[in-house]
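Novice: I would like to see how this sequence folds:
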Amino acid sequence: QIMTILQIASNQIVGLINNNLVIANYLQEYIGHMDGTLLLWQAPILTYDVPVIRPPIYAIANSYYLYLYPYSFQVDRKLRLLNYRFGSNLMGDGDPFDTNYEVKITYRAGYLNVPKIVQEKTLIVATLMLNDANLKSLKTGSFAVELRLPIETLKAISAELSGFKLS
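Specialist: Okay, the predicted model is just below:
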(Lines give C-alpha, C1' and ligand atoms only; values in the text may rest on other atoms or scores of the structure.)
Protein backbone atom coordinates (compact mmCIF):
# COMPACT_ATOMS: atom_id res chain seq x y z
CA GLN A 1 0.00 0.00 0.00
CA ILE A 2 2.86 2.37 0.78
CA MET A 3 4.44 1.72 -2.63
CA THR A 4 1.11 2.36 -4.37
CA ILE A 5 0.66 5.67 -2.54
CA LEU A 6 4.24 6.73 -3.36
CA GLN A 7 3.69 5.81 -7.02
CA ILE A 8 0.48 7.85 -7.21
CA ALA A 9 2.17 10.79 -5.44
CA SER A 10 5.12 10.53 -7.82
CA ASN A 11 2.73 10.58 -10.79
CA GLN A 12 1.14 13.74 -9.41
CA ILE A 13 4.56 15.42 -9.10
CA VAL A 14 5.42 14.38 -12.67
CA GLY A 15 2.08 15.81 -13.81
CA LEU A 16 2.67 19.09 -11.98
CA ILE A 17 6.11 19.73 -13.47
CA ASN A 18 5.60 17.94 -16.80
CA ASN A 19 8.99 16.24 -16.42
CA ASN A 20 9.76 12.55 -15.92
CA LEU A 21 13.12 13.39 -14.25
CA VAL A 22 14.52 9.88 -14.79
CA ILE A 23 16.74 8.92 -17.71
CA ALA A 24 14.72 7.65 -20.66
CA ASN A 25 15.06 7.34 -24.44
CA TYR A 26 12.96 9.57 -26.65
CA LEU A 27 12.15 9.60 -30.36
CA GLN A 28 11.03 12.92 -31.79
CA GLU A 29 9.74 13.50 -35.31
CA TYR A 30 9.49 16.93 -36.81
CA ILE A 31 8.51 18.51 -40.14
CA GLY A 32 10.55 21.63 -40.90
CA HIS A 33 9.07 25.12 -41.03
CA MET A 34 12.34 27.02 -41.61
CA ASP A 35 12.77 27.38 -37.86
CA GLY A 36 16.52 26.78 -37.81
CA THR A 37 16.25 25.25 -34.33
CA LEU A 38 14.42 22.21 -33.03
CA LEU A 39 13.02 22.27 -29.49
CA LEU A 40 13.38 18.83 -27.91
CA TRP A 41 10.67 17.62 -25.53
CA GLN A 42 12.67 16.58 -22.47
CA ALA A 43 15.67 17.94 -20.57
CA PRO A 44 18.45 17.78 -19.52
CA ILE A 45 19.78 16.01 -22.60
CA LEU A 46 22.52 13.48 -21.91
CA THR A 47 23.27 12.03 -25.33
CA TYR A 48 21.75 12.24 -28.78
CA ASP A 49 22.06 10.51 -32.12
CA VAL A 50 22.64 12.41 -35.32
CA PRO A 51 19.24 13.38 -36.76
CA VAL A 52 18.04 11.61 -39.89
CA ILE A 53 16.63 14.00 -42.48
CA ARG A 54 14.48 13.30 -45.52
CA PRO A 55 14.08 16.16 -48.02
CA PRO A 56 10.66 16.80 -49.58
CA ILE A 57 11.96 16.41 -53.15
CA TYR A 58 12.42 12.72 -52.59
CA ALA A 59 9.15 12.14 -50.73
CA ILE A 60 8.16 9.46 -53.23
CA ALA A 61 11.35 7.48 -52.71
CA ASN A 62 11.12 6.58 -49.02
CA SER A 63 14.64 5.19 -48.93
CA TYR A 64 16.41 8.50 -49.61
CA TYR A 65 17.70 10.17 -46.44
CA LEU A 66 20.34 12.80 -45.75
CA TYR A 67 23.03 11.69 -43.34
CA LEU A 68 24.95 14.56 -41.80
CA TYR A 69 28.05 14.51 -39.65
CA PRO A 70 27.70 14.66 -35.86
CA TYR A 71 29.65 17.92 -35.65
CA SER A 72 27.08 19.58 -37.92
CA PHE A 73 24.71 19.87 -34.95
CA GLN A 74 24.93 21.62 -31.63
CA VAL A 75 22.72 20.88 -28.63
CA ASP A 76 22.04 23.15 -25.68
CA ARG A 77 21.48 20.43 -23.09
CA LYS A 78 19.55 22.52 -20.55
CA LEU A 79 17.45 24.62 -22.93
CA ARG A 80 16.57 21.56 -25.10
CA LEU A 81 17.60 23.24 -28.36
CA LEU A 82 19.07 21.39 -31.34
CA ASN A 83 20.79 23.73 -33.81
CA TYR A 84 22.27 23.12 -37.21
CA ARG A 85 25.70 24.76 -37.04
CA PHE A 86 26.11 25.59 -40.72
CA GLY A 87 22.79 27.32 -41.35
CA SER A 88 24.22 30.12 -43.49
CA ASN A 89 24.79 30.84 -47.18
CA LEU A 90 28.57 30.81 -46.73
CA MET A 91 28.78 27.09 -46.03
CA GLY A 92 25.91 26.07 -48.31
CA ASP A 93 22.29 26.96 -48.83
CA GLY A 94 20.83 23.71 -47.46
CA ASP A 95 19.32 23.57 -44.01
CA PRO A 96 17.99 20.30 -42.51
CA PHE A 97 15.12 22.18 -40.82
CA ASP A 98 13.96 23.73 -44.10
CA THR A 99 10.30 23.70 -45.16
CA ASN A 100 8.78 20.19 -45.32
CA TYR A 101 12.04 18.40 -44.44
CA GLU A 102 11.28 15.42 -42.23
CA VAL A 103 13.55 15.14 -39.22
CA LYS A 104 13.83 12.22 -36.81
CA ILE A 105 16.06 12.29 -33.74
CA THR A 106 16.58 9.93 -30.83
CA TYR A 107 18.09 11.12 -27.58
CA ARG A 108 18.46 10.28 -23.89
CA ALA A 109 17.32 12.82 -21.32
CA GLY A 110 16.83 12.95 -17.57
CA TYR A 111 18.63 13.48 -14.29
CA LEU A 112 21.26 11.05 -13.03
CA ASN A 113 19.74 11.31 -9.54
CA VAL A 114 16.28 12.43 -8.51
CA PRO A 115 16.79 15.79 -6.70
CA LYS A 116 16.16 15.81 -2.93
CA ILE A 117 13.50 18.52 -3.18
CA VAL A 118 11.49 16.34 -5.57
CA GLN A 119 11.75 13.39 -3.18
CA GLU A 120 10.62 15.61 -0.29
CA LYS A 121 7.63 17.00 -2.19
CA THR A 122 6.62 13.48 -3.25
CA LEU A 123 6.49 12.48 0.41
CA ILE A 124 4.40 15.58 1.21
CA VAL A 125 1.90 14.66 -1.49
CA ALA A 126 1.85 11.06 -0.20
CA THR A 127 1.07 12.21 3.35
CA LEU A 128 -1.57 14.56 1.98
CA MET A 129 -3.21 11.55 0.34
CA LEU A 130 -3.10 9.51 3.57
CA ASN A 131 -4.77 12.09 5.80
CA ASP A 132 -6.66 15.30 5.29
CA ALA A 133 -4.95 17.13 8.15
CA ASN A 134 -3.03 19.71 6.16
CA LEU A 135 -2.64 22.47 8.74
CA LYS A 136 -2.60 26.07 7.62
CA SER A 137 -2.56 27.56 11.11
CA LEU A 138 -2.85 26.26 14.67
CA LYS A 139 -3.85 28.61 17.51
CA THR A 140 -3.80 27.98 21.23
CA GLY A 141 -6.30 29.16 23.80
CA SER A 142 -9.63 28.45 22.15
CA PHE A 143 -7.85 25.81 20.05
CA ALA A 144 -8.60 27.04 16.55
CA VAL A 145 -7.32 24.88 13.70
CA GLU A 146 -7.40 26.09 10.12
CA LEU A 147 -6.87 23.52 7.38
CA ARG A 148 -5.43 24.30 3.99
CA LEU A 149 -7.16 22.97 0.89
CA PRO A 150 -5.23 20.22 -0.95
CA ILE A 151 -5.18 22.34 -4.13
CA GLU A 152 -3.36 25.11 -2.23
CA THR A 153 -0.71 22.61 -1.15
CA LEU A 154 -0.31 21.34 -4.71
CA LYS A 155 0.04 24.92 -5.97
CA ALA A 156 2.71 25.62 -3.35
CA ILE A 157 4.58 22.45 -4.32
CA SER A 158 4.30 23.35 -8.00
CA ALA A 159 5.76 26.80 -7.28
CA GLU A 160 8.68 25.28 -5.36
CA LEU A 161 9.42 22.82 -8.19
CA SER A 162 9.18 25.41 -10.95
CA GLY A 163 12.88 24.96 -11.73
CA PHE A 164 12.16 21.43 -12.97
CA LYS A 165 9.02 22.36 -14.91
CA LEU A 166 8.98 21.85 -18.68
CA SER A 167 6.61 23.77 -20.89
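Novice: which residues does the nearest residue to Arg54 once chain neighbours are set aside bridge with?
Specialist: With CB to CB, 6 or more residues apart in numbering as the criterion, Arg54 has its nearest non-adjacent residue at 4.3 Å, and that residue is Glu102. Heads up, the C-betas are built off the backbone N, CA and C, glycines and all. For Glu102, the residues forming beta bridges with it (DSSP bridges) are Ile31, Arg54.
Novice: so Glu102 touches Glu29, yeah?
Specialist: Yes - shown here, Glu102 and Glu29 form a contact pair, counting by CB atoms under 8 Å, at 7.2 Å.
Novice: Settle it for me: which of these two has more neighbours?
Specialist: The residue with more neighbours, out of Glu102 and Glu29, is Glu102; 17 against 9, by other CB atoms under 10 Å.
Novice: Poorly predicted segments of the protein, please.
Specialist: Counting by pLDDT under 70, the chain contains low-confidence ranges at 57-68, 87-94, 131-138, 142, 145-149, 167.
Novice: gap between the residue nearest to Arg54 and Leu46?
Specialist: According to CB to CB, to the nearest Å, Glu102 and Leu46 sit 25 Å apart.
Novice: ditto for Pro56
Specialist: To Leu46, Pro56 is 31 Å away according to CB to CB.
Novice: Please apply the same query to Thr106.
Specialist: Taking CB to CB, one finds Thr106 at 12 Å from Leu46.
Novice: same thing with Leu40?
Specialist: According to CB to CB, Leu40 and Leu46 sit 12 Å apart.
Novice: How about Lys116?
Specialist: Distance check for Lys116 against Leu46: by CB to CB, it reads 20 Å.
Novice: which one of those two has more residues nearby?
Specialist: Relative neighbour count places Leu46 above the other of Lys116 and Leu46, with 13 against 8, counting by other CB under 10 Å.
Novice: Appreciated, that's everything.
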